[in-house]
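Q: What shape does this take:
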Amino acid sequence: MSLFKKIFSSDKKETLDKGLEKSKTSFFGKLSKAVAGKSKVDDEVLDNLEEVLVTSDVGVNTTLKIIERIEERVSKDKYMGTEELNTILREEIAGLLSETHVGEDADFAVPDDKKPYVIMVVGVNGVGKTTTIGKLAHQFKNKGLKVVLGAGDTFRAAAIDQLQVWADRVDIPIVKQKMGSDPASVAFDTLNSAEADNADVVLIDTAGRLHNKVNLMNELSKVKRVMQKVVPDAPHDVLLVLDGSTGQNAFEQAKQFTKATEVTSLAVTKLDGTAKGGVVIGISDQFQIPVKYIGVGEGIEDLQVFNKYEFVDSFFKL
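A: Residues are numbered from 1 along each chain as shown. Okay, here's the model as predicted:
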């Protein structure tokens with residue numbers, strides 16, 4: 001299929017193939033059971049396939065869309081063999097992702113006309129939020145961009161310390177205050193510092209509490225308002241970080257955060273340690289928010305710009 005006749009950068013693609021290995025193995029194990037003893041795609045195979053997709057964390061609504069598309073193709077073809085199922089799934093899922101607002105920016109690019117470009121990073125504790133910020137900062141710096149970090153998760157001392165470790169590792173400035181400080185005040189200081197320093201990108205960490213949506217909403221709204229006193233249209237991107245290894249929990253977190261604040265892009269982390277990689281397909285489809293980045297390994301280079309063609313190719317690679 002022409003969609004996949006793309007030349008993928010070999011190092012990045014190898015990392016992606018390796019990172020999705022568990023998801024792919026689990027998926028194909030279930031798929032071979034679903035079609036065992038069957039040569040033709042019939043209602044029973046489709047029922048089994050539905051179960052395979054749901055248990056691979058693609059999500060019920062997205063699964064139903066995929067099954068519907070395959071049913072249409074089956075009804076047009078008098079005979080469709082089960083050996084064709086992998087190719088058909090690849091095509092239909094890539095097609096589905098093409099219809100959603102998926103990322104596909106140039107590698108770690110930010111708009112030239114917004115300086116500093118302000119990214120507010122949100123997500124619950126433990127999803128890999130701080131690590132994602134550190135890896136993003138590294139990638140932006142590698143592009144020759146001047147980056148500043150803001151330690152806006154003042155709720156936990158560990159969050160400030162962890163971000164400091166990343167700032168030291170990547171060798172970029174960080175603006176922080178003591179634990180318990182007002183996060184909006186940290187954001188204000190960070191943007192002032194970034195403007196004075198003529199920085200290109202600002203990454204602001206935020207507290208990962210979700211126990212009270214109203215409090216979260218109020219806090220994030222206040223942070224935004226205060227930022228706008230320095231940079232009128234900040235934040236330019238509200239990046240929600242989700243832990244791919246939690247499967248359906250990631251859907252729930254996305255639901256809660258999209259209700260609490262306007263989320264403009266997504267990063268799905270920890271895909272290398274799980275068989276739940278299908279969650280990326282469902283999240284892309286259901287939330288109509290671009291998945292910009294995926295985490296496919298522990299290394300500093302293992303945060304990748306999400307490319308739907310590369311992802312589908314790796315997921316369905318035999």
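
Q: which residue lies farthest from the center of the protein?
A: Here the chain reaches farthest from its C-alpha mean at residue 78, the gap being 39.2 Å by CA atoms, centre = their mean.

Q: where does that residue land in three-state SS?
A: Following DSSP: H, G, I helix; E, B strand; the rest coil, residue 78 is assigned to coil.

Q: all strands for the stretch 201-318 of the chain, in order.
A: 201-205, 237-243, 265-269, 291-295, 303-305 (DSSP state E, counting those that start in this stretch).

Q: Identify the residues contacting the fourth one?
A: Residues from elsewhere that reach strand 291-295, judged by CB atoms under 8 Å, 6 or more residues apart in numbering: 19, 102-103, 105, 128, 131-132, 135-136, 239, 244, 265-272, 280, 283-284, 302-306, 311. Just so you know, the C-beta spots here come from the backbone N, C-alpha and C atoms, and that holds for glycine as well.

Q: Same check on the shortest one?
A: Residues outside strand 303-305 that contact it (CB under 8 Å, 6+ apart) are 12, 15-16, 103-108, 132, 135-136, 139, 267, 269, 292-296.

Q: Can you say which of those residues are buried?
A: Buried members of those, counted by 16 or more other CB atoms under 10 Å: 12, 15-16, 103, 108, 132, 135-136, 139, 267, 269, 292-296.

Q: pLDDT wise, what is the residue farthest from the centre of the chain at?
A: The per-residue pLDDT reported for residue 78 equals 72.

Q: With the one 5 residues further on instead?
A: In the predicted model, residue 83 carries a pLDDT score of 84.

Q: Pull out the buried residues from the contacts of strand 291-295.
A: Among these, those classed as buried by 16+ other CB under 10 Å are 19, 102-103, 128, 131-132, 135-136, 239, 244, 265-272, 280, 283-284, 302-306, 311.

Q: Redo the strands of the stretch 201-318 of the chain as JSON lines? Include distance to residue 151 and mean pLDDT.
A: Listed next are the strands of the stretch 201-318 of the chain as JSON lines, based on distance: least, CB to CB, whole Å; pLDDT from 0 to 100:
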{"stretch": "strand 201-205", "distance to residue 151": "6", "mean pLDDT": "98"}
{"stretch": "strand 237-243", "distance to residue 151": "16", "mean pLDDT": "95"}
{"stretch": "strand 265-269", "distance to residue 151": "19", "mean pLDDT": "94"}
{"stretch": "strand 291-295", "distance to residue 151": "21", "mean pLDDT": "92"}
{"stretch": "strand 303-305", "distance to residue 151": "19", "mean pLDDT": "92"}
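
Q: CSV for those strands, including distance to residue 219?
A: Listed next are the strands of the stretch 201-318 of the chain as CSV, based on distance: least, CB to CB, whole Å:
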stretch, distance to residue 219
strand 201-205, 12
strand 237-243, 13
strand 265-269, 20
strand 291-295, 23
strand 303-305, 26
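
Q: can you pull the contacts of the spatially most central residue of the chain?
A: The residue lying closest to the centre of the chain (CA atoms, centre = their mean) is residue 267, at 2.3 Å. Applying CB under 8 Å, 6+ apart, we find residue 267 in contact with 132, 239, 240, 241, 242, 291, 292, 293, 294, 295, 303.

Q: From residue 177, how far off is the residue nearest to it when sequence neighbours are not counted?
A: Excluding its sequence neighbours, the residue lying closest to residue 267 (CB to CB, 6 or more residues apart in numbering) is residue 293, at 4.1 Å. The gap separating residue 293 from residue 177 is 28 Å, by CB to CB, to the nearest Å.

Q: Same check on residue 26?
A: Per CB to CB, residue 26 is found 44 Å from residue 177.

Q: More neighbours: the two, which one.
A: Counting neighbours by other CB atoms under 10 Å for residue 26 and for residue 177 shows that residue 26 has the greater number, 19 against 16.
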